[in-house]
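Visitor: Here you go, sequence then predicted model.
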Amino acid sequence: MDLILLSVLFVFIGIVLIIIGTILKAKGIEKEEGEENKEKEEKKIKGGGIILIGPVPIVISNDKKLLEVLLVIVIVVLIIYLLSYLEIF
């Protein structure tokens, strides 16, 4: 697989995930507007992110379970990167 094609694939997957996240967030806002009379609950916001500087990953999260998921994603991405670099892929 050509490295350019792989990078285009990752960009496309990122755009799709952003669109899906936006749609899910919009649906959550609609549900919250319908539940105005219910008591407000304290919600814990969980967030995280992956920063790849070349082959060096930086993983940031405020939730342990989310951190584990992000680490699995980083490992998969680095394996794909390594395989494409070695031209095995």
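Guide: Thanks, I have it. Given the structure is predicted, the values throughout are model-derived calculations rather than measurements.

Visitor: which residue packs closest to Leu3, ignoring adjacent ones?
Guide: Ser84 (5.8 Å; Cβ to Cβ, 6 or more residues apart in numbering). Where you see a C-beta, it was placed from the backbone N, CA and C, and this is true even at glycine.

Visitor: Surely that neighbour touches Ser7?
Guide: No: using Cβ atoms under 8 Å, Ser84 is not in contact with Ser7; the gap is 9.7 Å.

Visitor: So which of the two has more stuff around it?
Guide: Per other Cβ atoms under 10 Å, whichever of Ser84 and Ser7 has more neighbours is Ser84, with 16 against 11.

Visitor: How is that one assigned, secondary-structure-wise?
Guide: Here Ser84 is helix, with the state taken from DSSP: H, G, I helix; E, B strand; the rest coil.

Visitor: For the helix or strand hosting Ala26, give the mean pLDDT please.
Guide: Ala26 is part of helix 3-34, with elements assigned from DSSP states H and E. In this model, helix 3-34 has an average pLDDT of 80.

Visitor: going on from it, what's the next piece of helix or strand?
Guide: Moving toward the C-terminus from helix 3-34, the next helix or strand (DSSP H and E) is strand 48-53.

Visitor: Spatially nearest residue to the spatially most central residue of the chain (excluding sequence neighbours)?
Guide: Centre of the chain computed as the mean C-alpha position; nearest residue by Cα atoms, centre = their mean is Gly49, 6.8 Å away. Spatial nearest neighbour of Gly49, excluding adjacent residues (Cβ to Cβ, 6+ apart): Ile60 at 5.1 Å.

Visitor: got it, and Val74?
Guide: In space, Val74 is closest to Pro57, 4.4 Å off (Cβ to Cβ, 6+ apart).

Visitor: Tell me which helix or strand that neighbour sits in.
Guide: Per DSSP H and E, Pro57 falls inside strand 56-61.

Visitor: mind listing what's buried in that strand?
Guide: For strand 56-61, the neighbour count (16 or more other Cβ atoms under 10 Å) marks Pro57, Val59, Ser61 as buried.
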